[in-house]
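Student: Sharing a model that was predicted from the sequence below.
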Amino acid sequence: MKKAYVFPGQGSQFSGMGKELYDTNNQAKAMFEKSNDILGFRITDIMFTGSDEALKQTNVTQPAIFIHSVVLASIAADFNPDMVAGHSLGEFSALVANKALSFEDALVLVSKRAQAMQKACELNPSSMAAVLGLADEKVEEICHSITEEVVVAANYNCPGQLVISGSTKGIEIACEQMKAAGAKRALVLPVGGAFHSPLMEPARVELEKAILETKFSLPICPVYQNVNALPSINVDEIKLNLVSQLTAPVRWTQTVKNITQDGGSIFVECGPGKVLQGLVKKISPEAEVFSI
């Protein structure tokens, strides 16, 4: 029985996240304070007492979820992963968990990633939408048919739940066509832009330079990466996939299936919320799911 630790991405944040850890655990407190120093502002103030609106800012959300997730993994008494994976942003948390990246270096990269994505969002009016109740193939077919705008499949979350990403106009057109094709819902999401789409290319270029300049170490266990849903312990491959992730879809359904096929039967979600536990159960109903 292999244990997989999985780490959530953007959208799992909540006001008050991490405060109990900070107040009750000295190691956690030290990591939170180190994070404030690295980022150059007191992100803990926003995490612990900030408004939901303040937490939604990309330059806050991404580091906040990363910090919370890694602190939880760091103080867990029996943390011993056989494999790790993260949903989008969560891949950085996973790479700290398997010791490919240091906490400090990963936080710097996450901050740069958030800022680069924010800039890319401001360049092009764009958004994302959740499509429920349609087969992945049908969603892909509709996206491909919209040639006058950018629209792509972005997050393969679980069977019957796929997030699309693209230009504002493209998402509007796609949502209408998804509903006409029988989707239960096609709901525009309250996000800043078209994550995991070609519109993130400026961010990909910016992040590539930072990632290639960062020291990565040989991981203690495989990371199943978003881009191809496959396990890797090859540092060069991990870096390239981490760069490609910004403009490529998150293949979470395929990732969970591959972990299960490789013997992973216990999934432990490490971070705020329980989103990934729900997705894992829909993808692999026989899996055991827990959270730290």
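Tutor: Cool, got the structure. Residues are numbered from 1 along each chain as shown.
Student: going forward, measure contacts between C-alpha atoms and count neighbours the same way
Tutor: Will do.
Student: now the strands for the stretch 51-200 of the chain?
Tutor: 83-86, 126-132, 151-158, 161-167, 185-188 (DSSP state E, counting those that start in this stretch).
Student: got the angle for the second one vs strand 161-167?
Tutor: Relative orientation of strand 126-132 and strand 161-167, computed by axes from the mean of the first three to the mean of the last three C-alpha atoms, to 10 degrees: 160 degrees.
Student: could you dump strand 126-132 to PDB, C-alpha only?
Tutor: As requested, the backbone C-alpha atoms of strand 126-132 are provided in PDB (Å, rounded to 0.1, in the frame of the first residue of the first chain):
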ATOM      1  CA  SER A 126      -9.500  36.500 -20.400                       C
ATOM      2  CA  SER A 127     -11.100  34.000 -18.000                       C
ATOM      3  CA  MET A 128     -12.000  30.400 -17.200                       C
ATOM      4  CA  ALA A 129     -15.200  28.400 -16.900                       C
ATOM      5  CA  ALA A 130     -16.200  25.100 -15.300                       C
ATOM      6  CA  VAL A 131     -18.000  22.700 -17.500                       C
ATOM      7  CA  LEU A 132     -20.000  20.000 -15.700                       C
END
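Student: I'd like to know which elements it is packed against.
Tutor: Under the contact definition 3 or more C-alpha pairs under 8 Å, 6 or more residues apart in numbering; DSSP states H and E, strand 126-132 sits against strand 161-167, helix 168-180, strand 185-188.
Student: give the contact list for P159.
Tutor: Remark: with contacts taken as C-alpha atoms under 8 Å, 6 or more residues apart in numbering, P159 is in contact with A135, D136, T253, K282, I283.
Student: The helix or strand containing the fourth one packs against which elements?
Tutor: Assigned by DSSP states H and E, K282 falls within helix 275-283. Counting contacts by 3+ C-alpha pairs under 8 Å, 6+ apart, helix 275-283 is packed against strand 151-158, helix 252-261, strand 264-269, strand 288-291.
Student: how much space between the residue lying farthest from the centre of the chain and I173?
Tutor: Here the centre of the chain is the reference, and by C-alpha atoms, centre = their mean the most remote residue is A180, at 29.8 Å. Computed as C-alpha to C-alpha, to the nearest Å, the A180 to I173 distance reads 11 Å.
Student: Kindly report the same for C143.
Tutor: In terms of C-alpha to C-alpha, C143 sits 10 Å off from I173.
Student: So for these two, which residue has more residues nearby?
Tutor: C143 (25 against 16; other C-alpha atoms under 10 Å).
Student: Which neighbouring elements make contact with the helix or strand of the chain with the lowest mean pLDDT?
Tutor: The weakest-scoring helix or strand in the chain, judged by mean pLDDT, DSSP states H and E, is helix 52-55 (a mean of 88). Judged by 3+ C-alpha pairs under 8 Å, 6+ apart, the packing partners of helix 52-55 are helix 43-49.
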